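Trainee: Quick one, fold the following:
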Amino acid sequence: MPMSGEVTKKGYYAIGAITGLFLLIVALFLSMGWTDIYDFTIRFFALIGFYLMAIAMIMTPFMSDIYQEWGKSFMKVHHLFAALGIATATLHPVIFAIEVSSLEVFIPDVSSLYAFMLLGGRQALILIYIATIAAFVRAKIPNHWKPIHALMYLMLFFALVHGYLIGTDFANIGIQIIFTALFIASLGAMIYKRM
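Mentor: Predicted coordinates:
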């Protein structure tokens, strides 16, 4: 077992894989081009927010492994990815709201099932904060915080469908494969953890 802060060879492989996948996503994103700074940041933060939160979710069954291989507590690593993911995912609609000068982008559209799914990022953002608050107050709701925090998986589903239906970058087959795989892997991690 490494001393605190010491990373093992397997730990470096994991960090390399996470970094490599991040760079691949960035490269695929850049290959799609952009029209202006709003278009660039809105799309970039959506992809990176999804990616970081998916990684935070995928690592949940590997608490002891993360400490053994990275020399850091699971909570520190998990919360770093989750916090960065929440921040970037939040910037996605915030910048869009600034661009269109409307707060309506934060309100779920329930006019039809299609509109609800098309604009699924709206409810995904709400779910992110409900699930996050549950984690912060878990000491006060010890028997209920985990099911509420698990809303993150539903959030990821809404975000993925939103991406497929309206996301510019989901026209790229590489983005489709990576983000679908991240969603499936997050569900697999949840099942593995409960087993």
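
Trainee: residue ranges for the helices of the protein, please.
Mentor: Assigned by DSSP state H, the chain shows helices spanning 9-31, 37-58, 63-70, 74-100, 113-118, 121-136, 145-149, 151-166, 173-194.

Trainee: so can I have CSV of these showing mean neighbour count?
Mentor: C-beta coordinates here come from the backbone N, C-alpha and C atoms, glycine included. CSV is the format used below for the helices of the chain (neighbours: other Cβ atoms under 10 Å):
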stretch, mean neighbour count
helix 9-31, 13
helix 37-58, 21
helix 63-70, 17
helix 74-100, 17
helix 113-118, 13
helix 121-136, 19
helix 145-149, 15
helix 151-166, 20
helix 173-194, 15
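
Trainee: hey, which helix or strand in the protein has the poorest pLDDT?
Mentor: helix 63-70 (a mean of 86; mean pLDDT, DSSP states H and E).

Trainee: ok, back up a step: which of the helices of the chain sits closest to Ile107?
Mentor: Ile107 lies closest to helix 121-136 among the helices of the chain, at 6.3 Å (Cβ to Cβ).

Trainee: contacts for the closest one?
Mentor: Residues from elsewhere that reach helix 121-136, judged by Cβ atoms under 8 Å, 6 or more residues apart in numbering: 46, 53, 82, 86, 89-90, 92-93, 105-109, 116, 141, 144-145, 148-152, 154-156, 158-159, 162.

Trainee: Can you check what angle separates it from helix 74-100?
Mentor: 150 degrees (axes from the mean of the first three to the mean of the last three Cα atoms, to 10 degrees).

Trainee: got the angle for helix 121-136 vs helix 37-58?
Mentor: Between the axes of helix 121-136 and helix 37-58, defined by the same axes, to 10 degrees, the angle is 40 degrees.

Trainee: Pull out the CA atoms of stretch 52-70 and give them to me as PDB.
Mentor: Provided in PDB are the C-alpha atoms of stretch 52-70 (Å, rounded to 0.1, in the frame of the first residue of the first chain):
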ATOM      1  CA  LEU A  52     -16.400  14.200 -15.200                       C
ATOM      2  CA  MET A  53     -19.700  13.200 -13.400                       C
ATOM      3  CA  ALA A  54     -19.700   9.800 -15.200                       C
ATOM      4  CA  ILE A  55     -16.100   9.200 -14.100                       C
ATOM      5  CA  ALA A  56     -17.100  10.100 -10.500                       C
ATOM      6  CA  MET A  57     -19.900   7.600 -10.700                       C
ATOM      7  CA  ILE A  58     -17.900   4.800 -12.300                       C
ATOM      8  CA  MET A  59     -15.300   5.000  -9.500                       C
ATOM      9  CA  THR A  60     -17.800   4.400  -6.700                       C
ATOM     10  CA  PRO A  61     -17.300   0.600  -6.300                       C
ATOM     11  CA  PHE A  62     -13.500   1.100  -6.100                       C
ATOM     12  CA  MET A  63     -13.100   3.000  -2.800                       C
ATOM     13  CA  SER A  64     -10.300   0.800  -1.400                       C
ATOM     14  CA  ASP A  65      -8.600   0.500  -4.800                       C
ATOM     15  CA  ILE A  66      -8.400   4.300  -5.300                       C
ATOM     16  CA  TYR A  67      -6.700   4.700  -1.900                       C
ATOM     17  CA  GLN A  68      -4.300   1.800  -2.600                       C
ATOM     18  CA  GLU A  69      -3.400   2.900  -6.100                       C
ATOM     19  CA  TRP A  70      -3.600   6.700  -5.900                       C
END
